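A.B. asks: Quick one, structure for this:
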Amino acid sequence: MRRPQIVIFERDGRLARQLESLATERRWVIRESRQSDSCLRLLNAEGPTVLVVRIGTDTETELQLLADAAVVPAELAAVAVCDGPPALTGMAWDLGADYVVTQPSPPDRLSQVVSGLMGTA
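C.D. replies: Model (predicted):
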């Protein structure tokens, strides 16, 4: 069995930096992807996985990835980090997000959410 992994889909690496210390402490693997096809391949790995998708840059691609991830046959939980208008939050929930973090949020909020979901993935 593989180690638990956090798969992050974003453009700038900010979320990965926020989760780096949590992953190191828990001995989880962080994988970053900037292409949805590559990201979906990462989600099919064995073991618990938490997908973190930043929504607000290329909204159509990001929401489509969230919808595609909802049908991946793996131990998977999905977190949407919404940087855009409030309507994106509702869409993220509708497309299968297990948790939605809206910005701005407390600095440790994302780490708490990912940690909690890793146990259920």
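A.B. asks: Helices of this protein, residue ranges please.
C.D. replies: If DSSP state H is used as the criterion, the helices of the chain fall at 14-26, 36-43, 59-69, 87-94, 109-118.
A.B. asks: what angle do the fourth one and helix 59-69 make?
C.D. replies: Here helix 87-94 points in a direction 20 degrees away from that of helix 59-69 (axes from the mean of the first three to the mean of the last three Cα atoms, to 10 degrees).
A.B. asks: Find out how far helix 87-94 is from the centre of the chain, if you would.
C.D. replies: Computed by Cα atoms, centre = their mean, to the nearest Å, the chain-centroid distance of helix 87-94 equals 14 Å.
A.B. asks: Use 241 as the first number from now on
C.D. replies: Sure thing, new numbering starts at 241, so read that last one as helix 327-334.
A.B. asks: Run through who's touching it.
C.D. replies: For helix 327-334, contacts defined as Cβ atoms under 8 Å, 6 or more residues apart in numbering pick out 295, 296, 299, 303, 306, 320, 322, 340, 342. Heads up, the C-betas are built off the backbone N, CA and C, glycines and all.
A.B. asks: quick one: which of those is nearest to residue 257?
C.D. replies: The closest of the contacts of helix 327-334 to residue 257 turns out to be residue 296 (Cβ to Cβ; 17.4 Å).
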